[in-house]
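>>> following is a predicted model, sequence given first.
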Amino acid sequence: VMKSKEENYEENFAERGSAMKDFDDILKHVGGWGPFQYLLVIIFFPFNIFLGYVYLSPILTLFTPPHWCLVPELMNMTREERKNLAIPQDKDGAGGFSQCSQYLVDWSQVSVEDLSSPEESWAVGECVSGWEYEVEDYHKSITVEFDWVCDQAWIPALSQTVFFFGAIPGMLFFGWFSDTFGRLPTIMFSNILALVTGIATPFVTGHFSFLALRLAMGLAFNTFYTAPYILVMEYVDNSKRTLVGNLGLALFLTLSGVYQPWAMKYFGDWRVFNWVMFSQMGMIVFVPLILPESCRWLMAKGREEKLLNILKKIAKLNKKQVPESFYKDVRMMCKKQIEANQAKPSHTYMDLFRNQNMRRITFLGIALWMFISLVFDTTVRNISNLNFNFYTSFVVATALELPADLLSIVGLNWLGRRWSSFFPMLACGLTMLACAWLTDQWKAQAVMFMLGRFFATYSMNLGFQFTVEVMPTDLRGQGTALVNVMSMVSQMASPYIVYSSVLSEKAPFLIIGIIAILGSCPGLFLPETADVNLPDSLEEITDFGKNDKFFWMPLCGSESRYKKSEKVTPGLGGETADNLAFTQV
């Protein structure tokens, strides 16, 4: 009986084992680093700027300038005369005066011309007529506009907690949405949500509407950034993933953070600032015209026609000559994927805990990202506990993104992902502990703090990339969503760590230092993802990284990566676990 051409090809496909076993092999044929990838990197750059708007701008819009009680009866006097006469002194207050209390005096009965200082018999109480703000050297923030100070100072802090709380259901939803409907719809949906809430925020009339919009924006955080990040990372050769993953952060997140404080000072008003910054996100409407859907996702879903069209465009842009047999192999791989999809139920979050190694990777990834995110966010906000000019300290702290991101491009390739998660977090912890004992030497403390901030930024870049790479394509959207959700939970503690300075000026530094040292450990027990193909399926996770030596780093050379006594299969590793993450328990 004559077999059909399709059956013959399928038989030959099986006999030759196919040179292509996953999408990384497909990428080698159409080009994993060429004009197509250059275009993707350029398209990805604006998302790094948007990340700065969503993550950093609230520090500016919620900024509380020096303030004190307003005394309308004394407005004919100079500011210093009013403060000296009507405001109690407080060494911990701005300028040495209390920010939330005044002398309770009937000024119509007092001859202020004969007084230059308050009388000891005067009673002290809360502000009666509101507050005065020193906005000449700062800007008008929403805190100033609505008087969210003193007994209402909880509102700005709560707004940040609400923001991170919103990110929890948001990332769980978008993780499922990404794996079900694709990366491109997720990018559009999440960025439009951030755009609308950012534009709408200046229209708030009080703290209820403000908190509601902060919750809504939180739903898009940080999916609006991680979704395009994952998409771009899936399209580049594994040797370029570190470069692509960190170049945008190094250049454009830094740029966003450096010019925002000066833009705010120039506009002088938080409403105008918000409209100008977030309106830029409107360019998201052009993304579907220039950004393709994830080929890895299309392949996992068995959508061969759309996959082949995209691959042909990639090959054309990268000027690769691809034989027709290549596309037949891709079709056959898609067919196998469809059969596999039909033979098993669709993936859910429970699959992240389905087998021992996937479960271990999930727990370790969560722990690593929770520690890194908490340390990074706290170092961003703890600037307020330094004796620095607000705008200058903001610029210096964000400018450290550039050297940290550039170093991470080299460091992640030389040290690998595992050891890059260990050394910077350990260094950050040690510098923060040093800051706790330098409270009387503010210059030395500032230098050590900025050094620790540098290491925290390096770790953040590592965490972004590492937690994406260890997840298989089938579960990458849901896996990274769960990891990010837990990082949001940890970041809810950051405002309270910063505010612990009211108990002791050493407290924030000690807490950050201890957390950073603890956070240096989990990444060591994850599989090394440097210079290997990313896992595509849950089945590939079973042996992923098992044969790596525990103390191996890329700078040691690929020939020394695996145990010599074991036969190594290129790609996902061999059978015996030398990485302690895979020892039996």
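Thanks, I have the structure now.
>>> could you pull out the strands for this structure?
For the chain, the strands defined by DSSP state E cover 67-69, 101-104, 123-126, 131-133.
>>> how far off centre is the first one?
Between the centre of strand 67-69 and the centre of its host chain there is 36 Å, according to Cα atoms, centre = their mean, to the nearest Å.
>>> counting contacts, what elements does it pack onto?
Strand 67-69 makes packing contacts with strand 101-104, strand 131-133 when contacts are defined by 3 or more Cβ pairs under 8 Å, 6 or more residues apart in numbering; DSSP states H and E. To be clear about C-beta, it is placed using only N, CA and C from the backbone, and glycine gets the same treatment.
>>> okay if I get the strands of the chain as TSV plus distance to E528?
Formatted as TSV, the strands of the chain follow (distance: least, Cβ to Cβ, whole Å):
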stretch	distance to E528
strand 67-69	52
strand 101-104	58
strand 123-126	59
strand 131-133	53
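>>> can you put these in CSV and add mean neighbour count?
Shown next, in CSV, are the strands of the chain (neighbours: other Cβ atoms under 10 Å):
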stretch, mean neighbour count
strand 67-69, 25
strand 101-104, 19
strand 123-126, 11
strand 131-133, 18
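>>> Throw the ones you listed into a markdown table and include mean pLDDT and distance to M188, thanks.
Shown next, in a markdown table, are the strands of the chain (pLDDT from 0 to 100; distance: least, Cβ to Cβ, whole Å):
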| stretch | mean pLDDT | distance to M188 |
| --- | --- | --- |
| strand 67-69 | 88 | 42 |
| strand 101-104 | 87 | 51 |
| strand 123-126 | 88 | 49 |
| strand 131-133 | 89 | 40 |
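>>> of those strands, which is nearest W297?
strand 131-133 (50.5 Å; Cβ to Cβ).
>>> packing partners of that closest one?
When contacts are defined as 3+ Cβ pairs under 8 Å, 6+ apart, strand 131-133 packs onto strand 67-69.
>>> what's the strand it packs on in contact with?
With Cβ atoms under 8 Å, 6 or more residues apart in numbering as the test, strand 67-69 has contacts from 83, 86-87, 93-94, 97-102, 127-134, 144, 149.
>>> hang on, the earlier thing: make TSV out of the helices and strands packed on strand 67-69 and add distance to F23.
TSV is the format used below for the helices and strands packed on strand 67-69 (distance: least, Cβ to Cβ, whole Å):
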stretch	distance to F23
strand 101-104	65
strand 131-133	56
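>>> among those strands, which is nearest V30?
Per Cβ to Cβ, nearest to V30 of these: strand 131-133, 58.7 Å.
>>> and the strands of the chain: which comes nearest P522?
Minimum separation from P522 across those (Cβ to Cβ) falls at strand 67-69, 42.5 Å.
>>> run me through the strand neighbours of that closest one, direction for each.
strand 131-133 (antiparallel) (DSSP bridges).
>>> which residues touch stretch 437-444?
Residues from elsewhere that reach stretch 437-444 (Cβ under 8 Å, 6+ apart): L386, N387, Q445, M448, E505, K506.
>>> where do the helices sit along the stretch 401-550 of the chain?
Listed in chain order, the helices of the stretch 401-550 of the chain (DSSP state H, counting those that start in this stretch) span 401-414, 416-436, 442-469, 476-491, 494-499, 507-519, 538-541.
>>> closest one to E293 among the ones you listed?
In terms of Cβ to Cβ, the element of the helices of the stretch 401-550 of the chain nearest to E293 is helix 476-491, at 12.9 Å.
>>> run the chain-centre distance for that closest one.
So, by Cα atoms, centre = their mean, the centroid of helix 476-491 is 10 Å from its chain's centroid.
>>> which elements pack onto it?
Applying 3+ Cβ pairs under 8 Å, 6+ apart, we find helix 476-491 packed against helix 154-181, helix 223-234, helix 356-381, helix 442-469.
>>> please repeat the previous calculation with a cut-off of 10 Å.
Using 3 or more Cβ pairs under 10 Å, 6 or more residues apart in numbering; DSSP states H and E, the elements in contact with helix 476-491 are helix 154-181, helix 183-200, helix 223-234, helix 295-301, helix 356-381, helix 442-469.
>>> check those for me: which has the lowest mean pLDDT.
Mean pLDDT values for the helices and strands packed on helix 476-491 show the minimum at helix 295-301, a mean of 78.
>>> if we can go back for a sec, of all the strands of the chain, which one comes closest to G31?
Of all these, it is strand 131-133 that lies closest to G31, at 57.0 Å by Cβ to Cβ.
>>> contacts for the closest one?
If you take Cβ atoms under 10 Å, 6 or more residues apart in numbering as the criterion, strand 131-133 is touched by 64-71, 75, 79, 82-83, 87, 99-100, 102, 140-141, 143-145, 147, 149-150.
>>> can you say which of the residues you listed are buried?
Those of the contacts of strand 131-133 that meet the buried threshold are 64-65, 67-71, 82-83, 87, 99-100, 102, 140-141, 143-144, 147, 149, by 16 or more other Cβ atoms under 10 Å.
>>> for stretch 523-530, what is the average pLDDT?
The pLDDT scores in stretch 523-530 average 88.
>>> ends of it, what's the gap?
Stretch 523-530 has its terminal residues 13 Å apart, counting by Cα to Cα, to the nearest Å.
>>> now swap in stretch 262-275 and tell me
15 Å.
>>> can you select the buried ones from the contacts of stretch 437-444 in ChimeraX?
Buried subset of the contacts of stretch 437-444, written as a ChimeraX selection, criterion 16+ other Cβ under 10 Å:
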select :386,445,448,506
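>>> nearest to A212 among the contacts of stretch 437-444?
Lowest distance from A212 to the contacts of stretch 437-444 (Cβ to Cβ) belongs to L386, with 32.8 Å.
>>> dump the residue contacts of the closest one.
For L386, counting by Cβ under 10 Å, 6+ apart, the contacting residues are S393, V396, A397, C435, W442, Q445, A446, F449, M450.
>>> any of these buried? List them.
By 16+ other Cβ under 10 Å, those give S393, V396, A397, C435, Q445, A446, F449, M450 as buried.
>>> surely the second one meets A446?
Yes - checked against Cβ atoms under 10 Å, the pair V396 and A446 is within contact range at 8.8 Å.
>>> and of the helices of the stretch 401-550 of the chain, who's closest to F551?
helix 416-436 (8.5 Å).
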